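Undergrad: What shape does this take:
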Amino acid sequence: MTINSTLVRVPGTGEISVAPPGTPEPTDPATALAAPWVGLGLSTDDGVTISRKVEREGTSSWQTLTPARFVYKSLELTVKSTLQETKGEVLSVYFGGMAFTETTTGSKKYRAEISALPKGDIRALCVDWTDQISAAETYHHRLFIARAEVSETEDAQWSRTQEAQWGLTFSALAPAGSSTVLAVWLTDDPAVIASAAASLAATGNSSGGGRS
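TA: Prediction:
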């Protein structure tokens, strides 16, 4: 058996960040993102939902009831979260690029327009999460999507019984140029490499496994 509880990962904390399209891929999974990246801040304890959907259709033949092969129709990669901070960048992604400006210099009063003509609002996107197993064992994961856009927003209810929430879904867009890379996953977790995972498994088995 290959069961090993030390290879279970729990995304204990994380954040979604956005940047202008064309922002280079981060070089590693653990270094804090610098400008032009902007973090979208707190989200509900549901965290982030990553969804990958591949639509395929089987061929039909006279001689067999089962498909001889599949024809791929579409691929969708989405990132869904409900944000809790009511700030400029969150409202901008929710309302398709809306931006606040000061009404008069020094007035500390701000105004934004919601367009009657929806337009594209493409962003680079990073989803970061960290699993801190112990003081000596912390793993970082970072999902980078070079081109993404909000494809769906949830109703935002304003009431006195809860904070304002901004539920939205980002969808990955086709890569630019001739690239076939839809997204990149960066991590310092050795469990993703078979030989390292086997070594971790052996260490876990010899020490009784489990978290510290």
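Undergrad: ok, which stretches of the protein are strands?
TA: 13-19, 38-39, 43-58, 70-83, 101-102, 110-111, 123-134, 137-153, 166-172, 184-187 (DSSP state E).
Undergrad: any chance of these in TSV, plus mean pLDDT?
TA: TSV is the format used below for the strands of the chain (pLDDT from 0 to 100):
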stretch	mean pLDDT
strand 13-19	98
strand 38-39	98
strand 43-58	97
strand 70-83	97
strand 101-102	96
strand 110-111	97
strand 123-134	97
strand 137-153	97
strand 166-172	98
strand 184-187	98
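Undergrad: Need the residue closest to the centroid of the protein.
TA: Centroid-nearest residue in the chain, with CA atoms, centre = their mean: Val127, separated by 3.8 Å.
Undergrad: Next one: that one from Ser17, what distance?
TA: 8 Å (CB to CB, to the nearest Å). The way it works is simple: take the backbone N, C-alpha and C, and place the C-beta from them, glycine included.
Undergrad: what do you get for Lys73?
TA: 32 Å.
Undergrad: contacting residues for the spatially most distant residue from the centre of the chain?
TA: Of all residues in the chain, Gln63 has its C-alpha farthest from the mean position, at 44.4 Å, by CA atoms, centre = their mean. Shown in contact with Gln63 (CB atoms under 8 Å, 6 or more residues apart in numbering): no residues.
Undergrad: Report pLDDT for it.
TA: Predicted confidence (pLDDT) for Gln63: 96.
Undergrad: gap between Gln84 and Pro175?
TA: Per CB to CB, Gln84 is found 31 Å from Pro175.
Undergrad: ok, these two, which is more surrounded?
TA: More crowded of Gln84 and Pro175, by other CB atoms under 10 Å: Gln84, with 17 against 14.
Undergrad: hang on, the more buried one packs against Gly41?
TA: Yes. With contact defined as CB atoms under 8 Å, Gln84 counts as touching Gly41 (7.2 Å).
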